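Visitor: Return atomic coordinates for the entry below.
(one chain, ligands or ions: 1)
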Amino acid sequence: MSPIALEVQDLTRTYGAGAAEVTALAGVDLAFRRGTFTAVMGPSGSGKSTFLSCAAGLERPTGGRVLIGGEDVTDWDEERRTRLRRERIGFVFQGFHLLPYLSAAQNVGLPSRLAGRRPDRARVRALLDRVGLAARAHHLPGSLSGGQQQRVAIARALVTDPEVVLADEPTGALDSATARQVLGLLRGSVTDLGQTVVMVTHDPVAASYADEVVFLVDGRVAGRMAQPTADAVAGQLAHLDQLVVAR
Ligand SMILES: Nc1ncnc2c1ncn2[C@@H]1O[C@H](COP(=O)(O)OP(=O)(O)OP(=O)(O)O)[C@@H](O)[C@H]1O
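Guide: Numbers count the residues shown, from 1 in each chain. Have a look, this model is predicted:
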């Protein structure tokens, strides 16, 4: 098994053409080791969403490679990439993205169903238990709080034991106490379950739960910080221009 869960090599992505061309990613090299939690930060427009989309196989890069579990998936056709997303990547979104007419347990089991398998009931139950929602297994998302919905989404992201969990502003819609619970669960999935989490966030407190922060500026890696604290991250964000100059 590759020790690297996700790797991008010289990743570039441009949109439009000619005078209207926009460079969203300008040659990003990053490798995410298994069992690590990384936060990706940067100003608006720095390429964070584009990076996640390319890593997830939702968008094709203009150049460079994407490797999942050591396997180069860059040139896979749409069908293979859809299967890759269902079976080998977990997603957590700012807006939860649960299906409203399925119960919490059915939402957690959905990735297995989409992959053509009957959900493993014991695993669904264990994951709901892990996120503190065993008693709410049969509730519809509409009867759960935002934080509870996000906890269901985390259980769903973990159900296939994916190579990597990609989280896009997972606490962006939550109050700070609820956000801490959600971040604790993501942290626990790494520390206890050996998962690999890559999380885009604007929030220095959220980033402080990660092992490392990667800073993007203008589509490039402008800096990194190991063992981040919220204060250190906030300080670095305030001086990203200096990182770029120092590059
Ligand atoms: N579909 C698209 N068509 C044209 N330009 C795009 C498209 N998607 C992104 N861009 C441009 O690419 C650059 C990077 O955008 P991206 O959304 O990846 O940044 P971001 O760091 O995620 O920003 P934010 O923090 O605001 O979400 C921006 O200049 C953006 O306008």
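
Visitor: Which of the helices or strands spans the residue nearest the centre of the chain?
Guide: Of all residues in the chain, the one closest to the mean position by C-alpha atoms, centre = their mean is residue 166, 1.7 Å from it. Residue 166 belongs to strand 164-168 when assigned by DSSP states H and E.

Visitor: Can you list the strands that that strand pairs with?
Guide: strand 89-93 (parallel), strand 197-200 (parallel) (DSSP bridges).

Visitor: Using PDB, write down the CA coordinates of it.
Guide: C-alpha atoms of strand 164-168 as PDB (Å, rounded to 0.1, in the frame of the first residue of the first chain):
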ATOM      1  CA  VAL A 164      -8.600  10.200   1.500                       C
ATOM      2  CA  VAL A 165     -11.300  12.500   3.000                       C
ATOM      3  CA  LEU A 166     -11.600  15.800   1.200                       C
ATOM      4  CA  ALA A 167     -13.400  18.500   3.300                       C
ATOM      5  CA  ASP A 168     -14.400  21.800   1.900                       C
END
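
Visitor: quick one: the helix or strand that it is followed by to strand 164-168, angle?
Guide: Sequence-wise, the next helix or strand downstream of strand 164-168 (DSSP H and E) is helix 176-191. Relative orientation of helix 176-191 versus strand 164-168 (axes from the mean of the first three to the mean of the last three C-alpha atoms, to 10 degrees): 160 degrees.

Visitor: for helix 176-191, packing partners?
Guide: When contacts are defined as 3 or more C-beta pairs under 8 Å, 6 or more residues apart in numbering; DSSP states H and E, helix 176-191 packs onto strand 37-41, helix 146-158, strand 164-168, strand 197-200, helix 204-207. From N, CA and C alone the C-beta is placed, and that goes for glycine too.

Visitor: need the ones you listed in CSV with distance to residue 23 and mean pLDDT, can you?
Guide: Formatted as CSV, the helices and strands packed on helix 176-191 follow (distance: least, C-beta to C-beta, whole Å; pLDDT from 0 to 100):
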stretch, distance to residue 23, mean pLDDT
strand 37-41, 17, 98
helix 146-158, 30, 95
strand 164-168, 21, 96
strand 197-200, 19, 98
helix 204-207, 25, 96
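
Visitor: Out of the ones you listed, which gets nearest to the ligand?
Guide: For the helices and strands packed on helix 176-191, the distance to the ligand is smallest for strand 197-200, at 6.8 Å, taking C-beta to the nearest ligand atom.

Visitor: re the thing from before, wait, doesn't the residue nearest to the centre of the chain sit right on residue 195?
Guide: No. Contact criterion C-beta atoms under 8 Å: residue 166 and residue 195 do not qualify, at 11.4 Å.

Visitor: quick one on the thing from earlier: any idea which of the helices and strands packed on helix 176-191 gets closest to residue 99?
Guide: Residue 99 sits nearest to helix 146-158 of all these, at 9.9 Å, using C-beta to C-beta.

Visitor: For the closest one, give me every contacting residue.
Guide: With contact meaning C-beta atoms under 8 Å, 6 or more residues apart in numbering, helix 146-158 is reached by 90-93, 96-98, 104, 107-108, 110-111, 124, 127-128, 130-133, 136, 141, 144, 165, 167, 170-171, 173-175, 178-179, 181-182, 185-186, 189, 193, 195.

Visitor: And it, how far out from the chain middle?
Guide: 13 Å (C-alpha atoms, centre = their mean, to the nearest Å).

Visitor: Just the strands from this protein, written as ranges.
Guide: 4-15, 22-33, 37-41, 63-68, 71-72, 89-93, 164-168, 197-200, 212-217, 220-226 (DSSP state E).

Visitor: Could you tell me which residues of the chain lie near the ligand?
Guide: Residues of the chain lying close to the ligand (C-beta under 6 Å from any ligand atom) are 15-16, 22, 24, 42, 44-50.

Visitor: Pull out the buried members of the residues you listed.
Guide: Buried subset of the residues of the chain next to the ligand (neighbour count, 16 or more other C-beta atoms under 10 Å): 24, 42, 46-50.
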